[in-house]
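Chemist: Sequence plus predicted model, see below.
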Amino acid sequence: MQQAVDGGAPVLRYVPDADELAAGAALFRRPWQFRMGAPALEHLPEPLGPEIAFAGRSNVGKSSLINAVTARRGLARTSNTPGRTQELNFFVAEGVALSIVDMPGYGFASAPKPLVDAWTRLIRAYLRGRVTLRRVFLLVDSRHGVKANDEEMMALLDEAAVPYQVVLTKCDKPGSKALAATLADTAARIARRPAAFPIVLVTSSEKGTGIDELRAAIAGIAASG
C-alpha cells in the first residue's frame, strides 16, 4: 500500500508484495468451476467458507473480470446484452474454503420490470443476511465513473455493514488523464463511506491490467477466513 498522486488528488494504491502476489497466483492456479445458481434467497447453498461477491452495473464487464481473475474463459457467462446474469451464481475451486459470487447486474437490464425487481430483492436479502460474505467488489466502469445507481449500491452496502471495495474496470479504454481523474473522484467519493475499503483497484480484463493485484487481494481475504 502506498500514497500516490493521480489527477492532482492523493489516492491510496495497492501494491502487493511478492508473497501476496504468490498467494494470489496459487489460489487461481486451481481449476475454478461453477457450483450453482440461486434465483431466490431460499435457494442459497450452504456456505463452504468465506464468500466474496462481484457487483456492478449490468454492462460494467463483471463476468469478463471474473473470467480473467479465475483464468477460465467462459466460467461466468458473458453477453453483448446487459443484464443476462439472473441469479446469484456461485463458483468454487477444490480444496479452497472460498466462494466467488457473481451478483445480478443493476441499472439497465434487458428484462421485464418484475424480474428486475425480483433480482433487486434477492441482492438486498443476500447482502443483509449472508454472514459469510467478507467483501463485495463493486465494479465501476472507468470510462464513466461512479453513477447514481452505484451510489445507491454503496448506500445499501453501508446500511448492511458489508465491507466493499471499488474496482475500476476497462481501464484500457479512457486516456491516462481521464483515468486519473476518475480514480481521484472515486477515491474522494468513497472516503465518505463507512463500509468502503479505502483503496480503489484499477483493472482491464482485456489487457490483464490489475488482475494480479485483484487476485492477491482475494487471496488475503481467503487467508483471513
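Modeler: That came through fine. It should be emphasised that the depicted structure is a prediction, and the values quoted were computed from it without experimental measurement.
Chemist: gap between the helix or strand harbouring residue 217 and the chain center?
Modeler: Secondary structure assignment for residue 217, by DSSP states H and E: helix 211-224. Put simply, helix 211-224 sits 12 Å off its chain's centre (CA atoms, centre = their mean, to the nearest Å).
Chemist: What lies in contact with it?
Modeler: 14-16, 20-21, 23-28, 49-50, 52, 65, 68-69, 96-98, 100, 134-135, 137, 165, 167, 201, 203, 205 (CB atoms under 8 Å, 6 or more residues apart in numbering). C-betas here are computed from N, CA, C, even on glycine.
Chemist: can you pull the buried residues of that helix?
Modeler: 211-219, 221-222 (16 or more other CB atoms under 10 Å).
Chemist: Which ones among the contacts of helix 211-224 map onto helices?
Modeler: Cross-referencing those against helices under DSSP state H gives 20-21, 23-27, 65, 68-69.
Chemist: related to what we said a few turns ago, please check the contacts of helix 211-224 and keep the buried ones.
Modeler: 14, 16, 20-21, 23-24, 27-28, 50, 52, 65, 68-69, 96, 98, 100, 134-135, 137, 165, 167, 201, 203, 205.
Chemist: what about the longest helix in the protein?
Modeler: Per DSSP H, the chain has its longest helix at helix 113-129.
Chemist: Beta-bridge partners for residue 164, please?
Modeler: residue 136, residue 196 (DSSP bridges).
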